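Enquirer: no FASTA, just this:
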């Protein structure tokens with residue numbers, strides 16, 4: 001409780017202007033005696049529209065549109081083959097440029113490539129004291145994982161609580177692990193970020209072909225997003241994480257099988273890397289992919305131990321539970337690497353759709369990100385439902401229902417959510433970070449100061 005009060009005191013004493021809160025590096029700065037890495041927000045967004053990204057710079061754009069016409073293997077499932085592996089590896093090669101072979105803690109993720117800034121951050125991600133950016137690597141707190149997420153069993157797949165750092169809803173064994181992640185947009189996507197937010201930390205709004213939108217939307221062809229996800233699980237807990245990059249994160253302290261507001265620098269291990277690219281040949285304009293770290297691959301470096309889990313370019317609206325089982329056909333807008341993973345199929349999503357190791361296995365990457373919407377008023381996040389329930393709902397993936405049918409509809413910018421129950425929303429072109437940023441900005445408009453973290457009740 002003393003540390004929580006101290007944090008509240010710091011927040012009250014800080015410069016609480018929109019600009020300061022939007023563009024600050026972390027929820028709290030490092031202590032005076034800290035001598036480790038310190039995260040610096042990358043927010044010098046390009047001010048001119050990005051040049052066209054050709055297939056030499058963005059080789060994934062050089063593949064024919066026929067690639068998205070699924071090929072089925074002898075077992076009747078979409079076939080992961082050398083072409084798909086080449087596709088996702090071309091994205092990984094682009095991301096790897098300028099990075100260390102071991103992604104070590106001292107260097108972290110480099111935003112500079114060949115002396116130029118390639119990778120940029122989204123503002124407002126350090127506003128919330130509960131889950132906002134920590135000061136070492138800019139990681140934010142996400143879904144709490146349980147041991148079965150790494151080792152099997154389909155219990156406790158929601159893993160959601162009232163706050164990300166609490167363990168409310170966890171029904172697995174006592175082994176529970178925090179997830180901390182950091183994401184970046186490349187320079188093409190960052191132009192949109194700079195259009196979406198002004199230098200005073202306020203959102204800009206406009207329209208896209210007559211449809212209300214946040215300025216800068218949609219993201220242009222050539223946009224690349226990378227997200228590194230770390231877990232408090234260690235190789236002792238999950239043996240195939242041996243050799244995984246160990247970073248320090250100023251994360252929540254665990255006591256009595258619960259995570260508290262108090263933060264301390266503690267180790268986390270890379271468990272997953274997500275990628276996403278804008279590709280106009282995809283029916284959603286986006287292709288999402290994910291890698292699982294697997295030290296058993298025996299690669300020469302970290303990058304060679306990132307095993308592709310799969311790729312996804314649609315939500316499979318004709319596959320259960322979006323339709324009844326009697327009308328369902330196999331998912332065909334995801335292709336999953338079922339053969340090359342030593343970390344088993346619990347890493348896949350709902351009914352053959354794509355999800356990563358520490359994701360909700362009843363969901364899918366695009367079903368979740370496709371629900372990135374905001375109310376056009378920009379200030380209604382705290383009153384009622386403001387967007388589809390992207391992080392889970394009763395019956396998700398378990399039975400045919402209208403909720404599941406809406407959730408697994410393939411949406412493209414600037415379409416509205418399926419179901420027609422949310423009014424006129426702003427489509428944020430799959431960016432959950434922009435959704436969080438608008439949410440935090442709206443809380444700032446209401447409160448003028450971040451609300452202090454609250455410890456779980458005893």
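Expert: Perfect, thanks for sending it. Quick caveat, the model's predicted, so the values are computed rather than measured.

Enquirer: Tell me the buried residues in the longest strand along the chain?
Expert: Criterion DSSP state E: the longest strand present in the chain is strand 258-278. Under the neighbour-count criterion of 16 or more other C-beta atoms under 10 Å, strand 258-278 has 258-263, 265-266, 268-278 buried. Placement of C-beta: from N, CA and C, glycine included.

Enquirer: where along the stretch 151-300 of the chain do the helices fall?
Expert: Ranges of helices in the stretch 151-300 of the chain, per DSSP state H, counting those that start in this stretch, are 187-196.

Enquirer: can you pull out the strands in it?
Expert: 176-177, 179-186, 205-208, 211-214, 224-231, 246-255, 258-278, 286-293 (DSSP state E, counting those that start in this stretch).

Enquirer: among these, which is nearest residue 304?
Expert: Among these, strand 286-293 comes nearest to residue 304, with 10.8 Å by C-beta to C-beta.

Enquirer: Note down every partner strand of the closest one and its orientation.
Expert: Partners of strand 286-293 in the sheet, by DSSP bridges, are strand 258-278 (antiparallel), strand 306-312 (antiparallel).

Enquirer: ok, now how distant is residue 147 from residue 79?
Expert: As judged by C-beta to C-beta, to the nearest Å, residue 147 and residue 79 stand 32 Å apart.

Enquirer: On the three-state scheme, the nearest residue to residue 138 once chain neighbours are set aside is what?
Expert: Leaving out its chain neighbours, the residue that sits closest to residue 138 by C-beta to C-beta, 6 or more residues apart in numbering is residue 39, at 3.7 Å. Residue 39 falls in the coil class when you classify it by DSSP: H, G, I helix; E, B strand; the rest coil.

Enquirer: ok, now which ones touch residue 39?
Expert: 25-26, 108, 133-138 (C-beta atoms under 8 Å, 6 or more residues apart in numbering).

Enquirer: how close does residue 184 get to residue 69?
Expert: Applying C-beta to C-beta, the value for residue 184 to residue 69 is 31 Å.

Enquirer: ranges for the strands of the stretch 301-450 of the chain?
Expert: 306-312, 334-336, 373-375, 425-427.

Enquirer: Is residue 308 bridged to anything, and to what?
Expert: residue 291.

Enquirer: correct me, but it touches residue 289?
Expert: Yes: under the criterion of C-beta atoms under 8 Å, residue 308 makes contact with residue 289 at 6.9 Å.

Enquirer: Neighbour count: the two, which is higher?
Expert: Per other C-beta atoms under 10 Å, whichever of residue 308 and residue 289 has more neighbours is residue 289, with 27 against 23.

Enquirer: Might one say that that one is in contact with residue 311?
Expert: Yes: in this structure residue 289 lies within contact range of residue 311 using C-beta under 8 Å: 4.5 Å.

Enquirer: So between residue 184 and residue 69, which is more surrounded?
Expert: residue 184 (22 against 8).

Enquirer: what sits against the more buried one?
Expert: The neighbourhood of residue 184, defined by C-beta under 8 Å, 6+ apart, consists of 42, 109, 111, 119-121, 225-227.

Enquirer: any chance of those residues in JSON lines, with pLDDT too?
Expert: Shown next, in JSON lines, are the contacts of residue 184 (pLDDT from 0 to 100):
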{"residue": "42", "pLDDT": "98"}
{"residue": "109", "pLDDT": "98"}
{"residue": "111", "pLDDT": "98"}
{"residue": "119", "pLDDT": "98"}
{"residue": "120", "pLDDT": "98"}
{"residue": "121", "pLDDT": "98"}
{"residue": "225", "pLDDT": "98"}
{"residue": "226", "pLDDT": "98"}
{"residue": "227", "pLDDT": "98"}
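
Enquirer: Please list only the buried members of the residues you listed.
Expert: Buried, going by 16+ other C-beta under 10 Å: 42, 109, 111, 119-121, 225-227, out of the contacts of residue 184.

Enquirer: quick one: which of these is nearest to residue 373?
Expert: Set against residue 373, the nearest of these by C-beta to C-beta is residue 225 (17.6 Å).

Enquirer: Look up which residues are beta-bridged to the closest one.
Expert: Beta-bridge pairing of residue 225 under DSSP bridges involves residue 185, residue 276.

Enquirer: For residue 197, see how far away it is.
Expert: Taking C-beta to C-beta, one finds residue 225 at 17 Å from residue 197.
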